[in-house]
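Asks: How does the following fold in three dimensions:
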Amino acid sequence: MITKIADRVFCILFLSAFVLGMVLIPSTNAVAQGSPWFAAHLSGNHVAAYNWPVGAILTLTIDDPNTPGFPDFVGTEIVPESDLYGGTWINFELPGFELRPGQYMTITDGFTTRTHTVKTVIVTSVDLLADTISGEAEPNSDVGVNAHYESGGHYVYRNFVADVNGNWMIDLSISGPNEGEGPTYDIVAESWGTAFQRGEDEGITYYAWSGNDTDGDSIADDFDNCPNENAFGYDADEDGCIDTASGLETLLQNMPADEVATNMKKSLLAVVKNATKSLNKGNVTAAIKQLEAFILRIEAQRGKKISELAADLLIAYAQNVIMLR
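Replies: Residues are numbered from 1 along each chain as shown. All right, here's what the predicted structure looks like:
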């Protein structure tokens, strides 16, 4: 799905730049209309070049600073005739090569040269119910997100800054605060778009997202670990799967020490493992009592050996497991 959505990026770039007259990133980070530029499509693992002269022979070079030798990839393409919207584009497939943040890219036709360092922007969640999109990027870095419908017509974008930990989230149920960002937007199955970061010298990194939701639980398929299981109402960690005792054990095990103290984690894991054993033996009553004891222990250590956020998540998860018995 991600690859299919990534391929559609070509269309919206021309729609936004040529038809709607919108820039991809406002203010000083804007891509000049008609100026040659290119983009690294992380989710689709390809590179696309836009607005280069028809017939130009483009050479793309990519170097990964973490690997020996230079360069790691070289490819050439000839720019075809202008497309419907007045610009040009050409796609570079990357057989046997994987795009990664930090790689240095150069593209040239022998007259004009553009460079770009691939950015660390990704989308980690699309929530159709809350109309939110979440992801990660470099701490305190500028991020943009656009959203579209399959049928076209409605287009919005938002620009914001990732927090000190590199996390970001946009709420499309609220109108964009900046001029030109557009009104509210309802994320539905046919929705799609990209998160993006502008780099140096007319280069952009894109990461595509889609609103497709096969099981109807409001977690988009691209981010749903159980895309054929409707977990709505019983999915505390929003991974798209129905909460289970074994899942609670995994969730707790993966929590860092600054969320749950190591000695506290061992104690809680013992309780959850006993609850799992009880369920496996068909002893539901015993399992419920063990999970209730688990919740009481967490409440007793909330804000002490267990952070507030971790406590909320673990309790909600355990309550879902109890309700499903």
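Asks: who touches the residue positioned nearest the centre of the chain in this structure?
Replies: Nearest to the mean C-alpha position of the chain, by C-alpha atoms, centre = their mean, lies V123 at 0.6 Å. V123 sits next to 43, 133-135, 195, 207-209, 222-223 when contact means C-beta atoms under 8 Å, 6 or more residues apart in numbering. For every residue, glycine as well, the C-beta is placed using N, CA and C.
Asks: Most neighbours among the residues you listed, which one is it?
Replies: Among those, W209 has the most neighbours (other C-beta atoms under 10 Å), with 30 neighbours.
Asks: ok, the host helix or strand of that residue: who's next to it in the sheet?
Replies: Element membership of W209 [criterion: DSSP states H and E] is strand 203-210. Sheet pairing of strand 203-210 (DSSP bridges) gives strand 37-41 (parallel), strand 191-198 (antiparallel).
Asks: Out of the ones you listed, flag the one nearest N140.
Replies: strand 191-198 (12.3 Å; C-beta to C-beta).
Asks: Just the CA trace of that closest one, in CSV.
Replies: Extracted C-alpha coordinates of strand 191-198, given in CSV (Å, rounded to 0.1, in the frame of the first residue of the first chain):
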residue,chain,number,x,y,z
SER,A,191,-7.3,9.7,2.0
TRP,A,192,-3.6,9.9,1.2
GLY,A,193,-0.6,12.2,1.4
THR,A,194,2.9,12.7,2.6
ALA,A,195,5.0,14.0,5.5
PHE,A,196,8.0,15.9,4.2
GLN,A,197,11.1,17.9,5.1
ARG,A,198,12.9,20.4,3.0
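Asks: so after the helix or strand harbouring F294, what's the next helix or strand?
Replies: Element membership for F294, per DSSP H and E: helix 284-301. Using DSSP H and E, the helix or strand that follows helix 284-301 in sequence is helix 308-323.
Asks: tell me the average confidence for that following helix?
Replies: The average pLDDT within helix 308-323 is 95.
Asks: Show me what that helix is packed against.
Replies: Contacts defined by 3 or more C-beta pairs under 8 Å, 6 or more residues apart in numbering; DSSP states H and E place helix 308-323 against helix 245-253, helix 284-301.
Asks: what angle do the shortest one and helix 284-301 make?
Replies: Going back to what we said before, that points to helix 245-253. Angle, helix 245-253 to helix 284-301, by axes from the mean of the first three to the mean of the last three C-alpha atoms, to 10 degrees: 20 degrees.
Asks: what's the angle from helix 245-253 to helix 308-323?
Replies: Using the same axes, to 10 degrees: helix 245-253 against helix 308-323 is 170 degrees.
Asks: Can you name the next helix or strand after helix 245-253?
Replies: Per DSSP H and E, the first helix or strand lying C-terminal to helix 245-253 is helix 262-280.
Asks: Show me the contact partners of that next one.
Replies: By C-beta under 8 Å, 6+ apart, the surrounding residues in contact with helix 262-280 are 245-246, 248-249, 252-253, 255, 257, 260, 284, 286-287, 290-291, 293-294, 297-298, 301, 305-306, 314, 321, 325.
Asks: Give the closest residue to N228 in space, chain neighbours not counted.
Replies: Nearest residue to N228 in three dimensions, chain neighbours excluded: D215, at 5.5 Å (C-beta to C-beta, 6 or more residues apart in numbering).
Asks: Tell me if I'm right that that neighbour and C226 touch.
Replies: Yes - applying C-beta atoms under 8 Å, one finds D215 in contact with C226, separated by 7.4 Å.
Asks: got any residues that touch both of these two?
Replies: Joint contacts of D215 and C226 (C-beta under 8 Å, 6+ apart) are G240.
Asks: residues contacting H116?
Replies: Contacts for H116 (C-beta under 8 Å, 6+ apart) come out as 38, 40, 104-105, 199-205.
Asks: Tell me the most packed of the residues you listed, by neighbour count.
Replies: A40 leads those on contacts (other C-beta under 10 Å) with 29 neighbours.
Asks: doesn't Y207 make contact with it?
Replies: No - with contacts counted by C-beta under 8 Å, A40 stays clear of Y207, the gap being 9.6 Å.
Asks: And the closest residue to Q319 other than its chain neighbours, how far from A318?
Replies: Nearest residue to Q319, sequence neighbours excluded (C-beta to C-beta, 6+ apart): I295, at 7.2 Å. Counting by C-beta to C-beta, to the nearest Å, the gap from I295 to A318 is 5 Å.
Asks: Tell me which of these two has more neighbours.
Replies: Just comparing I295 and A318: by other C-beta under 10 Å the higher neighbour count belongs to A318, 27 against 18.
Asks: list the contacts for the nearest residue to that one once chain neighbours are set aside?
Replies: Nearest residue to A318, sequence neighbours excluded (C-beta to C-beta, 6+ apart): L291, at 5.0 Å. With contact taken as C-beta under 8 Å, 6+ apart, L291 is in contact with 245, 271-272, 275, 318, 321-322.
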